[in-house]
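> this one's sequence-less:
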């Protein structure tokens, strides 16, 4: 490495480190804010959590007091706050009222199913949405573009849960001449076979929830990719490529799309919170045994410890994903890096 | 207000309308909205809340559409058509008020973040970004579950979780407006913070605000129906609670398509109308998107 190159290299690397440090610091601050907000939010609760716990069970006042002391509810608010923060930092999310088991264990059992479902849906939605968005944005105003925009507008207006209900009605229950070909609930049959047949069983259960989630999130990927390709179409390098006599498809695939991809993919990860909301709804409808359904059950019961634990986990993961996207974008895009 | 200003305003409105009319989809959206709002407003002249009463159902239970009940009946023999009509009042009311709340929070914080450059602006921006990252549906669900699902708390839950994008938009516009020379002139003439923000910044961001409120109502209606469907809303009839009822009863597996299809179609139609309107407004009002120049 020559001296000149070194000179050019060093500030960049420093810039990146400083940038990453700022972003991680920001994320930690956000997480701290989430923990504080969660504490006060869940203390707004009307009524006494111990009484809710004792509902339908015979408990003497002494037992109630004992339970209150066990949960730390007899202490002052600042003491409770410190207690809560300490426990949360040690990943102790408390014990669920409903399941009588640690919230963290419940989350551990469910998280795999959620990752499987949202991961698959994201891969499909991103690849399909980006492909269609790139084609639509390349020729704005063409028939393909108009149809794509119309589809995404409709999907944008359709509530996730309603789409799920429709799919459930048509493809799981069957209507008229259409037989019900997919299961209505769960992630596997009761008598789940082993090996390949077991994988196929899970896949068959996943079709409808996955389809619903894809339909809802893919529209916005399409629109984002479309507008970012439209931004590229007018650029000089595209004109140059045309002047060189390259085929239109080649210009799109090899020149315009890679440039448009970067901001789009970042936006995709920035909006992961939206996908999480969709996942909660979809898991609730199809009884997919994931984190979203756990959260939904916590709301239905209501089981406030479980709700608090899942809420913390979901928000913190979303914050971390955002930060990651931010830093990766910075690493990948030289334009942002030099700025 | 002087006569000259009036004439100028009226001309501006005329110009705006002429522009808006060039967007056929926006006009279609506006017409649908007008019809929906009028229907919701006149509903009490024809029916009352008894159509949502479980014991007052007159038809057969879960009957498909017929001459008596054009859109069929639900599990208690209530007419789906009348429930949709009555439920539109709750759905639209929550949509409008939640969007309004979100706009007020977003505008106040957005203008403040753009106007006060020092630490006040920085803190507001930080809080805005924090809210922007939070998964809004999940947060709204928790809020509604904790505060109890009355109409007012649903409005608060939606409003409190949806304002950050407005705040960012308004902040950017405030920065742009305050960079103009006439603001400096105003400062020089002794104007205070209140005068600058309310007399100069607010009128300049108002058009943008109109467009984004319209879009916000659309997403507030979707959020309301989702919250109601997930069961955090108390039992006031809305399109979302109807769909909740259909799910609880198992209408999907029983093939009661009318009970699922129709409330959902209402949501989609109204939401799409708001979206079309909002997009048309945006392209008329947002100078960046405007293609034709106006003197």
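That came in fine, so what should we check first? A quick note: this is a predicted structure, and the numbers were derived from the prediction, not measured.
> got the contact list for the least confident helix or strand in chain B by mean pLDDT?
Here the helix or strand of chain B ranked lowest by mean pLDDT, DSSP states H and E is helix B:251-254, holding a mean of 78. Helix B:251-254 is contacted by residues A:165, A:168-169, A:172-173, A:184, B:62, B:246, B:259-260 when judged by C-beta atoms under 8 Å, 6 or more residues apart in numbering or on different chains. Quick note: C-beta positions are derived from backbone N, CA and C, even for glycine.
> Apply 6 Å and report the result again.
Helix B:251-254 is contacted from outside by A:165, A:168-169, A:173, B:259-260, using C-beta atoms under 6 Å, 6 or more residues apart in numbering or on different chains.
> Name the residues of it that are buried.
B:251-252 (16 or more other C-beta atoms under 10 Å in any protein chain shown).
> and what of stretch B:78-91?
B:78-91.
> Return the closest of those with respect to chain A.
Comparing the buried residues of stretch B:78-91 against chain A with C-beta to the nearest C-beta places residue B:91 closest, at 11.3 Å.
> what helix or strand is that closest one on?
Using DSSP states H and E, residue B:91 falls within helix B:80-115.
> Give me every residue in chain B lying close to chain A.
Contact residues (C-beta under 6 Å from any C-beta of the partner chain) of chain B with chain A: B:130, B:133-135, B:137-138, B:141-142, B:145-146, B:222, B:225-226, B:229, B:231, B:252-253, B:255, B:260, B:264, B:267-268, B:271-272, B:275.
> repeat that for 7 Å
Residues of chain B lying close to chain A (C-beta under 7 Å from any C-beta of the partner chain) are B:130, B:133-138, B:141-142, B:145-146, B:148, B:222, B:225-226, B:229-232, B:243, B:247, B:252-253, B:255, B:257, B:260, B:264, B:267-268, B:271-272, B:275.
> For the stretch 151-300 of chain A, just list every one of the helices.
Listed in chain order, the helices of the stretch 151-300 of chain A (DSSP state H, counting those that start in this stretch) span residues A:160-167, A:195-233, A:236-243, A:248-250, A:257-270, A:272-285, A:291-300.
> Just the residues contacting the first one, thanks.
I take that to be helix A:160-167. The contact list for helix A:160-167, computed with C-beta atoms under 7 Å, 6 or more residues apart in numbering or on different chains, reads A:208, A:211-212, A:215-216, A:278, A:281-282, A:285-286, B:226, B:229, B:243, B:247, B:252, B:260, B:264, B:267.
> where in the stretch 151-300 of chain A is pLDDT low?
Applying pLDDT under 70 to the stretch 151-300 of chain A flags residues A:176-179, A:190, A:192.
> how close does the residue nearest the centre of chain B get to residue B:29?
Closest residue to the average C-alpha location of chain B: residue B:217 at 1.1 Å, with C-alpha atoms, centre = their mean. From residue B:217 across to residue B:29, the span is 12 Å (C-beta to C-beta, to the nearest Å).
> so what's in contact with these two at the same time?
residue B:274.
> check contacts around whatever residue of the stretch 101-250 of chain B ends up closest to chain A.
When scored by C-beta to the nearest C-beta, the stretch 101-250 of chain B has residue B:137 as its residue closest to chain A, at 3.1 Å. Neighbour list for residue B:137: A:277, A:280, B:223, B:226 [criterion: C-beta under 7 Å, 6+ apart].
> Quick check: the last one vs residue B:249, distance?
Okay, so that is residue B:226. 19 Å.
> the more surrounded of the two?
Of the pair residue B:226 and residue B:249, residue B:226 is the one with more neighbours under other C-beta atoms under 10 Å in any protein chain shown, namely 27 against 17.
> tell me which element the more buried one falls in.
Assigned by DSSP H and E, residue B:226 belongs to helix B:202-229.
> Toward the C-terminus, what is the element adjacent to that helix?
Next along the chain after helix B:202-229, taking DSSP H and E as the criterion, comes helix B:239-249.
> Now do that next one against helix A:272-285, angle only.
If you take axes from the mean of the first three to the mean of the last three C-alpha atoms, to 10 degrees, helix B:239-249 sits at 40 degrees to helix A:272-285.
> list the buried ones in helix B:239-249?
Buried residues in helix B:239-249 (16+ other C-beta under 10 Å): B:239-247, B:249.
> Report all helices and strands that that helix contacts.
On a contact count with 3 or more C-beta pairs under 7 Å, 6 or more residues apart in numbering or on different chains; DSSP states H and E, helix B:239-249 meets helix A:160-167, helix B:80-115, helix B:202-229, helix B:257-285.
> 10 Å - rerun?
helix A:160-167, helix B:80-115, helix B:202-229, helix B:251-254, helix B:257-285 (3 or more C-beta pairs under 10 Å, 6 or more residues apart in numbering or on different chains; DSSP states H and E).
> so what secondary structure elements neighbour the second one?
Okay, so that is helix B:80-115. By 3+ C-beta pairs under 10 Å, 6+ apart, helix B:80-115 packs against helix B:24-46, helix B:119-133, helix B:151-162, helix B:164-178, helix B:202-229, helix B:239-249, helix B:257-285.
> what's downstream of the second one, the next helix or strand?
Beyond helix B:119-133 in the direction of the C-terminus, DSSP H and E gives the next helix or strand as helix B:136-147.
> now the fourth one
Helices and strands here follow DSSP H and E; after helix B:164-178, the next one along the chain is helix B:181-188.
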